[in-house]
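K.L.:
Turn this into a model:
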Amino acid sequence: MTAAHAAPTLRQDCWPIVPDRLEDLGVPRSVVADLVLRYLWLHGSGTLARLNETLKLSFPLLETLFHQFRNQQLLEVKGMTGNDYSFSLTAGGRAQASGRNEVCQYVGPAPVSIQQYQKVVKAQAAHVRLSRESLRQAFDDLVLPDGLLDQLGPALIGHQSLFLYGGTGNGKTSIAERILRIYHDSIVVPYAVEVDGHIISLFDPVVHKQLPFHDDLLDPRWAVCERPCITVGGELSAAMLELRLDESTRVFISPCQMKANNGILIIDDFGRQVLAPRDLLNRWIVPLDRRVDYLTLSSGMKFQVPFELMVVFSTNLNPHDLADEAFLRRIQTKVLVENVSAEVFEEIFRRVMQTLQVPTEPGCVEYLRERCQEYTATVLRACYPRDIYCLVKAISEYEGRPVRMTRVNIDRAVALYFAKSQPKEA
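P.N.:
Numbers count the residues shown, from 1 in each chain. This next block holds a predicted model:
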């Protein structure tokens, strides 16, 4: 994100407050008790401060559990660490913890209820105000004509799913990845969610960019993050859209669309996935229409989760070859990212050379455009300037000389870049 893009602002109107009583947690007491027992069984001993740091539970709530466990003779006090108790499990406590560890090995922040998760995600649904100028600022490192911006704007304001299509190399993926810049707020994401006594891991540090934030009123089971953006490509399979049970820990891993809630999910190179396009479309035809998804536990129990995200399909294939009218109707905005004009092509070249500070021979931009058109029957793509530069750079490094954009270097790079037609054998 460049300096021109504002840092996220913090919104707290719908954030859950810290619960100080077991009945306010929203999850069964047994789930929380098992967490404490597993922690002590794994670490050998503990203090209220360490439990607070790891399980994200308040001190009043932990003190309640501590006294209950002590009365049940499940733990014993070893001493004091300052004003804090140091304690470990009794023989009975270890036996109970060992049994619970065989059912599930999760030891981490206490989960939130699926009902609370649904409520918070719905309350955090994106609402943006956009104009052509603010959208141009969000895409300021791309060269996009006003006509394209004017097609993107309504789709992004409505936060509906978006279908980007057109020839390869024209910037569809680059556009999709920058849509996140239109959001200037923050959200909260739970570390884990509880459903019917099962724990589903949700927070993913690779996906959820955590923000530095501290508020004594915020429930620490939730992390303050930027809105997420997940990109999946050819590796997308049917299994990635469902809950996955980690056999070693017995913890469920949330699917990509659940991790992308309140953000963006990009299906890149749509139509070239392991999962057939029609299978993906059939799987999501209801979620896209009703903004709710249904997942299934290993027990066979189905439950509802929000589908509060923008799905961006990016493809260089014909949309009508990938989906029928019923599905395309649910993707209300289809934007054609066309081949670039000569003016846009030359502006992209100038920006690439300026950004990378590459010495350029006069007239190179026109020469590169003409050479590309010779190979592609006048078609110009947005990717050509940077791709050709990368080849010129590689040629220069190979020959041990400074990188310089010249006609000679362009000829050599173009000859490497474009495939020549092979004459047919008799």
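
K.L.:
okay, CA-based contacts and neighbour counts for the rest of this
P.N.:
Will do.

K.L.:
and residue 65, what does it touch?
P.N.:
When contacts are counted by Cα atoms under 8 Å, 6 or more residues apart in numbering, residue 65 touches residue 33.

K.L.:
can you tell me the helix or strand for it?
P.N.:
helix 59-71 (DSSP states H and E).

K.L.:
Pull out the buried positions in the following helix or strand past that helix.
P.N.:
Using DSSP H and E, the helix or strand that follows helix 59-71 in sequence is strand 75-81. Using 16 or more other Cα atoms under 10 Å as the test for burial, strand 75-81 gives 75-77.

K.L.:
ok so, going back, now the helix holding residue 65 against strand 75-81, angle please.
P.N.:
Inter-element angle recorded for helix 59-71 and strand 75-81: 130 degrees (by axes from the mean of the first three to the mean of the last three Cα atoms, to 10 degrees).

K.L.:
Dump helix 59-71 to CSV, keeping only the CA atoms.
P.N.:
Extracted C-alpha coordinates of helix 59-71, given in CSV (Å, rounded to 0.1, in the frame of the first residue of the first chain):
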residue,chain,number,x,y,z
PHE,A,59,-9.1,-12.7,35.3
PRO,A,60,-12.5,-12.7,37.1
LEU,A,61,-13.6,-15.6,34.9
LEU,A,62,-10.4,-17.5,35.4
GLU,A,63,-10.6,-17.0,39.2
THR,A,64,-14.1,-18.5,39.1
LEU,A,65,-12.8,-21.6,37.3
PHE,A,66,-9.8,-21.8,39.5
HIS,A,67,-11.9,-22.0,42.7
GLN,A,68,-14.3,-24.5,41.1
PHE,A,69,-11.4,-26.8,40.1
ARG,A,70,-9.8,-26.4,43.5
ASN,A,71,-13.0,-27.5,45.2
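
K.L.:
what's the closest non-adjacent residue to residue 19?
P.N.:
residue 25 (6.0 Å; Cα to Cα, 6 or more residues apart in numbering).

K.L.:
Could you do residue 85 as well?
P.N.:
residue 47 (5.6 Å).

K.L.:
Read off the pLDDT value for the one you found.
P.N.:
Here, the pLDDT recorded for residue 47 equals 94.

K.L.:
May I have the phi/psi pair for it?
P.N.:
Phi and psi for residue 47, reported as degrees, to the nearest 10, are phi -130, psi 170.

K.L.:
Is residue 352 in a helix, a strand, or coil?
P.N.:
helix (DSSP: H, G, I helix; E, B strand; the rest coil).

K.L.:
quick one: secondary structure of the closest residue to it other than its chain neighbours?
P.N.:
Residue nearest to residue 352 in three dimensions, not counting chain neighbours: residue 386, with 6.5 Å by Cα to Cα, 6+ apart. The three-state label given to residue 386 by three-state DSSP is helix.

K.L.:
what stretches of the protein score poorly on pLDDT?
P.N.:
Under the criterion pLDDT under 70, the flagged ranges of the chain are 1-13, 421-426.

K.L.:
Domain parsing of it, as residue ranges.
P.N.:
Residue ranges for the domains of the chain, per automatic domain parsing: 28-110, 118-336, 342-417.

K.L.:
check contacts around residue 51.
P.N.:
So residue 51 contacts 36, 39, 57, 62 (Cα under 8 Å, 6+ apart).

K.L.:
Please, which helix or strand holds the second one?
P.N.:
Secondary structure assigned from DSSP H and E places residue 39 in helix 29-43.

K.L.:
Show me which positions of that helix end up buried.
P.N.:
31-42.

K.L.:
what helices or strands is that helix leaning on?
P.N.:
helix 48-55, strand 84-89, helix 91-103 (3 or more Cα pairs under 8 Å, 6 or more residues apart in numbering; DSSP states H and E).

K.L.:
which ones are touching the residue nearest to residue 19?
P.N.:
Neighbouring residues of residue 25 by Cα under 8 Å, 6+ apart: 19, 112-113.

K.L.:
What is the nearest of these to residue 355?
P.N.:
residue 112 (46.4 Å; Cα to Cα).

K.L.:
and that closest one, how many neighbours?
P.N.:
For residue 112, the count of nearby residues is 22 (other Cα atoms under 10 Å).

K.L.:
The nearest residue to it once chain neighbours are set aside: what secondary structure?
P.N.:
Closest residue to residue 112 apart from its sequence neighbours, by Cα to Cα, 6+ apart: residue 193 at 4.9 Å. At residue 193, secondary structure determined by three-state DSSP is strand.

K.L.:
distance of residue 193 from residue 207?
P.N.:
17 Å (Cα to Cα, to the nearest Å).

K.L.:
Of those two, which one has the most company?
P.N.:
Neighbours per residue (other Cα under 10 Å) separate residue 193 from residue 207, with residue 193 holding more: 25 against 17.

K.L.:
Looking at the helices and strands packed on helix 29-43, which one is packed in the most?
P.N.:
strand 84-89 (a mean of 18; mean count of other Cα atoms under 10 Å).

K.L.:
Now do it and helix 48-55, the angle between them.
P.N.:
Counting by the same axes, to 10 degrees, strand 84-89 lies at 70 degrees to helix 48-55.

K.L.:
Okay, now the sheet partners of strand 84-89, with direction.
P.N.:
Strand 84-89 has the following strand partners under DSSP bridges: strand 46-47 (antiparallel), strand 75-81 (antiparallel).

K.L.:
And it, how far out from the chain middle?
P.N.:
On the basis of Cα atoms, centre = their mean, to the nearest Å, strand 84-89 sits 40 Å off its chain's mean C-alpha point.

K.L.:
May I have that strand exported as CSV, CA atoms only?
P.N.:
Extracted in CSV, the C-alpha atoms of strand 84-89 (Å, rounded to 0.1, in the frame of the first residue of the first chain):
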residue,chain,number,x,y,z
ASP,A,84,-0.7,-14.8,41.5
TYR,A,85,-1.3,-18.4,42.3
SER,A,86,1.0,-21.1,40.8
PHE,A,87,-0.8,-24.4,40.5
SER,A,88,-0.8,-27.8,38.8
LEU,A,89,-3.1,-30.7,38.2
